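[1] structure here, sequence nowhere to be found:
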């Protein structure tokens, strides 16, 4: 990832500022192109971050180990002893 | 039973049973102390560990921490005490009117001849008492400031992992998973199984909250349980659970029972969700918000840029059409010239701009090319070729140098050659078989043959006389 982007939160804030600046106009074409490019970069970064998580269900057991949960966990009709 | 009581002590009441074995007459008078001690022995040994149900009245808490009270029902009452060491473990405060089951043993206070129940444990009976404990704990935690909104933490914008503390086979977990599956399919859940009702529930929930908060990446915890009776949800009213929630390093969402159920956990949690499903919605709601916000911003970014370009286009258009107007018949020549000049300047400016851009482009291309491997390879090849040529030239030069040095040497060598001396008129005299040069006349005798090498050719000669130089001379 781009090293100039710190984290999701700051990327989002910067994107917001850029959009506002662009919307106000009065910028030289080069400058606005530059901002636009940076904005696209930030937007892409945010989207990637949002979708970065992977669907996974794990169980933390008594011994403090994290293990994958059984496939049918939480499905209707799955698992014993429904209450 | 004490032997004392098996002995008769009233002679008068004794029936006449002379037919039986003759017996010793016993008459013992007991002191009060002896009697009291006997009573104490009976009570303490026969009524060792008992459970008594009744209502509390005349409750007094001494400043030693011991609690004295009376336990009564409709027709009887008994004095009771609970020492501080036992009071410590009670969840609720003992107060008049409470209906309890007390466990303990009977004790006799000899100086006063009184007996009393010494309670070791007490359980409240019925919902009223539970409600009481609830109110008491609520009051205590509130006094500590644990319900203070300023203490509550915000949920993370993007939870990396969602911790869940609940029963594996409960409805709460199914609801949470169902919502997440629908709303946010790539959520990462870490579940800490815990019994959510029964004796060990509060302990397991508290431990679970503590354990899951330590898992790297877990940045929000849902403590959940499906609906049930007030007693079913009781674990979430225990102080240990409340303390675990308060000390959790990450925000905790309480999601217990139905919308109408409020537990102590709800008061201390960073966020209270009315149901487990709602808790799951809360966790991903932030994410949805973000998706919307980013999409909105991206769209605005694009339209702002398009507007920006459009605006410029219009301006350029406006300017060029003004130029067209300026050439309208009737305009004075001066104006025409002015326009022509402007047009010229406009073109020049445009050309300059194009030129500038081209320069930037070239510079960029150069930088790009500098990075191009093939170009770098070609450069290296070029350099190699140059080096090669230079090397060959150097070798050639060296060869030439060597050759001329050789020429010089050869000519110097020539001056040293005896042949050159011969050309000046000298001759060399050899012995007959041409193996040695004759240097002294004495080495020859008359009649010996010698060979003489001249500048050109050689002659064979015979010695006529030998004229050796005299030894004296």
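    That came through fine. Keep in mind that what you see is a predicted model, and the values were worked out from it rather than measured. Residues are numbered from 1 along each chain as shown, chains lettered A, B, ... in the order given.

[2] biggest helix in the chain by residues?
    As the question left the chain open, I've gone with chain A. Across chain A, the longest stretch assigned as helix under DSSP state H is helix A:29-52.

[3] other chain: chain B
    helix B:276-326.

[4] show me where the stretch 51-200 of chain B has its strands.
    Ranges of strands within the stretch 51-200 of chain B are B:67-72, B:77-82, B:99-109, B:114-124, B:161-166, B:188-193, based on DSSP state E, counting those that start in this stretch.

[5] re the thing from before, so is the longest helix of chain A next to chain B?
    Yes. Contact of helix A:29-52 with chain B (CB under 8 Å from any CB of the partner chain) involves A:29, A:32-33, A:36, A:39-40, A:43, A:46-47, A:49-51. Any C-beta I mention is one placed from the backbone N, CA and C, and that applies to glycine too.

[6] now the residues you listed: which count as buried?
    A:32, A:36, A:39-40, A:43, A:46, A:49-50 (16 or more other CB atoms under 10 Å in any protein chain shown).

[7] lowest-confidence one in the residues you listed?
    The member of these with the lowest pLDDT is residue A:50, at 74.

[8] quick one: that residue and residue B:159 touch, right?
    No. With contact defined as CB atoms under 8 Å, residue A:50 does not count as touching residue B:159 (11.6 Å).

[9] shared neighbours, those two?
    Residues touching both residue A:50 and residue B:159 (CB atoms under 8 Å, 6 or more residues apart in numbering or on different chains) are residue B:287.

[10] who are the contact partners of residue 32?
    Let's take chain A. Counted by CB under 8 Å, 6+ apart, residue A:32 has contacts A:22, B:305, B:308.

[11] the chain in question should be chain B.
    Contacts of residue B:32 (CB under 8 Å, 6+ apart): residue B:113.

[12] so it versus residue B:113, what's the distance?
    Taking CB to CB, to the nearest Å as the measure, residue B:32 falls 8 Å from residue B:113.

[13] pLDDT below threshold where in the stretch 351-473 of chain B?
    Applying pLDDT under 70 to the stretch 351-473 of chain B picks out residues B:351, B:354-355, B:357-358, B:361-381, B:384-388, B:391, B:406-420, B:470-473.

[14] which residues of it fall in helices?
    Using DSSP state H, counting those that start in this stretch, the helices of the stretch 351-473 of chain B run over residues B:373-416, B:418-423.

[15] where does chain A dip in pLDDT?
    A:1-2, A:52-54, A:74-83.

[16] from the contact counts, what lies against the longest strand seen in it?
    As assigned by DSSP state E, the longest strand anywhere in chain A is strand A:56-60. Strand A:56-60 is packed against strand A:66-68, strand B:188-193, helix B:201-212, with contacts defined by 3 or more CB pairs under 8 Å, 6 or more residues apart in numbering or on different chains; DSSP states H and E.

[17] not counting sequence-adjacent ones, nearest residue to residue B:212?
    Leaving aside its sequence neighbours, residue B:212 sits nearest to residue B:163 (CB to CB, 6 or more residues apart in numbering or on different chains; 3.9 Å).

[18] what's the burial count for that neighbour?
    28 (other CB atoms under 10 Å in any protein chain shown).

[19] and the angle for the helix or strand that contains residue B:44 with strand B:99-109?
    Using DSSP states H and E, residue B:44 maps to helix B:32-46. Going by axes from the mean of the first three to the mean of the last three CA atoms, to 10 degrees, helix B:32-46 is angled at 140 degrees with respect to strand B:99-109.

[20] please state the offset of stretch B:167-176 from the chain centre?
    Its chain's C-alpha centre lies 28 Å from the corresponding centre of stretch B:167-176 when counted by CA atoms, centre = their mean, to the nearest Å.

[21] quick one: end-to-end length of it, please.
    Its start and end residues considered, stretch B:167-176 measures 12 Å (CA to CA, to the nearest Å).

[22] now it: average pLDDT?
    91.

[23] stretch B:257-264 too?
    83.

[24] now that stretch: buried residues?
    Neighbour count says stretch B:257-264 has B:257, B:261-264 buried, by 16+ other CB under 10 Å.

[25] what comes into contact with that stretch?
    For stretch B:257-264, using CB under 8 Å, 6+ apart, the contacting residues are B:134, B:137-138, B:141, B:225-228, B:230, B:232-233, B:236-239, B:241-242, B:254, B:256, B:274-275.

[26] from the residues you listed, which are also near chain A?
    Residues shared between those and the neighbourhood of chain A are residue B:226 [CB under 8 Å from any CB].

[27] which of the contacts of stretch B:257-264 fall in helices?
    Among the contacts of stretch B:257-264, the members falling in helices (DSSP H) are B:134, B:137-138, B:141, B:239, B:241-242.

[28] those, buried ones only, as a PyMOL selection?
    Here is the PyMOL selection string for the buried members of these, based on 16+ other CB under 10 Å:
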select buried, chain B and resi 134+137+138+141+239+241+242
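
[29] flag every residue of the stretch 51-200 of chain B that's near chain A.
    Proximity of the stretch 51-200 of chain B to chain A, by CB under 8 Å from any CB, involves residues B:157-158, B:160, B:163, B:167-171, B:173-174, B:176-178, B:185-193.

[30] let's see it at 6 Å
    Within the stretch 51-200 of chain B, the positions lying close to chain A (CB under 6 Å from any CB of the partner chain) are B:158, B:169-170, B:173-174, B:177, B:185-186, B:188-192.

[31] and the furthest pair within the residues you listed?
    The span of those, defined through CB to CB, is set by B:158 and B:169 at 30.0 Å.

[32] neighbours of residue B:426, how many?
    Neighbours around residue B:426, by other CB under 10 Å: 12.

[33] got any ranges where the stretch 1-150 of chain B has weak pLDDT?
    B:1-25, B:126-129.

[34] looking at it, residue B:202 is touching residue B:240, isn't it?
    Yes. Between residue B:202 and residue B:240 there is a contact under CB atoms under 6 Å: 5.2 Å.
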